[in-house]
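A.B. asks: Fold the following and give me the result.
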Amino acid sequence: MKFQHWLGLAALLTSGLLLWNLREVLIHLFAAVVLSMALCTLVGVLRQRWNMARPLALILCLSCLLLIVAVAVSVIIPPFFSEFQQLIQQLPAAARELQQIVMGWINHASSLVSGTGLSNGSSTAISSGLTALPNSSALASGVSGGLKGLLGLAGNLGGGLVQLLFVIAVALMVAIQPEAYRNVAILMVPSFYRRRARVILSQCGEALSSWMVGVLISSLCVAVLAGIGLSLLGVKLVMANALLAGLLNVIPNVGPTLSTVFPMSVALLDAPWKAVAVLGLYVVIQNIESYVITPSVMQHQVNLLPGLTLTAQFIFTVLFGPLGLLMALPLAVVMQVLIREIVIHDVLDPWKKRRALA
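C.D. replies: Model prediction:
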């Protein structure tokens, strides 16, 4: 290779190394872009319905969001955290109850097979083996720590607060002048591709907007259905469990599974059949969400295969940590649009046509 080729390769490797070292900053920037897209979507809806100026629509959106946050902080969040603390405190008792149920089942199965129950030595060995499993208190603290990580509060509280303020500040700046920032991004590509880049960026924005609207409606429906179902079953701490079901519904695959642990733990302390009923309830809710709610509210969303979604969650969690898990789906939505438009339509399809003409 010539000297300029080696120079270009070195510049490419240096850029890749720099981006790798700045990956945490990049994922926070992407989170800010997603948040700004949410604000821009709300502003667009207001401007379309009432034909108001963009600054006025943005001020109205921010005022409504601040009002919602104030109401949530004063009315919803205190009882939610109180009930959530009770949930965490009840996990050890639920684990002990589950251990006793498992021991009873093992003893009953042994009596059916051999005609006698477990001997004292075998019972002691199994009991000690179950006791040797991870401590339930450690499990509870691990779960609560994982939820804090998902909320961007991993590490010390000060660092998490700074990151949150950074994301909010960048999101507000982008939401105030979205066209200016879009033009800056377009200027970063070669001049012959800028018109096409503008179209692709618009498609990415539309895909993100439809995903956010769909996820919001889907999470609200899941929270309402979970609250109604848990109330009918007589399970305690309905508000905390329903809100957790709605919040964790944002994270596909992992979130719904994790949200089932808490209500089952509370129900297990009342009666074992309630825990089974709660599991059946959440299975029904997830099937309704997957086959009824999501297809109805996400008709124009970029369709993601479940296997690709799970792979994206694993890859982005390894690369970016807990925030990568939370941003895995919007990242996958944007990457699917980029791959479809750039790699397939602009690279592979013309190459195929050239080969056919040759």
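
A.B. asks: which residues in the chain form strands?
C.D. replies: Counting by DSSP state E, the chain forms no strands at all.

A.B. asks: Quick check: pLDDT value at the residue nearest in space to the middle of it.
C.D. replies: With distances taken as Cα atoms, centre = their mean, the chain has residue 251 as the residue nearest its mean C-alpha position (2.8 Å). For residue 251, the pLDDT comes out at 80.

A.B. asks: go on, residue 145?
C.D. replies: 53.

A.B. asks: now the helices for the stretch 251-358 of the chain?
C.D. replies: Along the stretch 251-358 of the chain, the segments classed as helices by DSSP state H, counting those that start in this stretch run 254-270, 272-288, 294-297, 306-320, 322-326, 328-338, 349-357.

A.B. asks: could those helices go into CSV alongside mean neighbour count?
C.D. replies: (Glycine included, C-beta is placed from N, CA and C.) Compiled in CSV, those are given as follows (neighbours: other Cβ atoms under 10 Å):
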stretch, mean neighbour count
helix 254-270, 21
helix 272-288, 17
helix 294-297, 14
helix 306-320, 16
helix 322-326, 21
helix 328-338, 20
helix 349-357, 9
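
A.B. asks: Switch the ones you listed over to CSV; also include mean pLDDT and distance to residue 47.
C.D. replies: Listed next are the helices of the stretch 251-358 of the chain as CSV, based on pLDDT from 0 to 100; distance: least, Cβ to Cβ, whole Å:
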stretch, mean pLDDT, distance to residue 47
helix 254-270, 81, 33
helix 272-288, 87, 34
helix 294-297, 66, 22
helix 306-320, 81, 33
helix 322-326, 82, 29
helix 328-338, 87, 23
helix 349-357, 69, 36
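
A.B. asks: Can you redo those as CSV, where the extra columns are distance to residue 239?
C.D. replies: Below are the helices of the stretch 251-358 of the chain laid out as CSV (distance: least, Cβ to Cβ, whole Å):
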stretch, distance to residue 239
helix 254-270, 12
helix 272-288, 15
helix 294-297, 24
helix 306-320, 28
helix 322-326, 23
helix 328-338, 26
helix 349-357, 52
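
A.B. asks: now for the ones you listed, which one comes closest to residue 176?
C.D. replies: helix 328-338 (21.1 Å; Cβ to Cβ).

A.B. asks: ok now that closest one, how far from the chain's centre?
C.D. replies: For helix 328-338, the separation from the chain centroid amounts to 13 Å (computed by Cα atoms, centre = their mean, to the nearest Å).

A.B. asks: Alright, that wraps it up for me.
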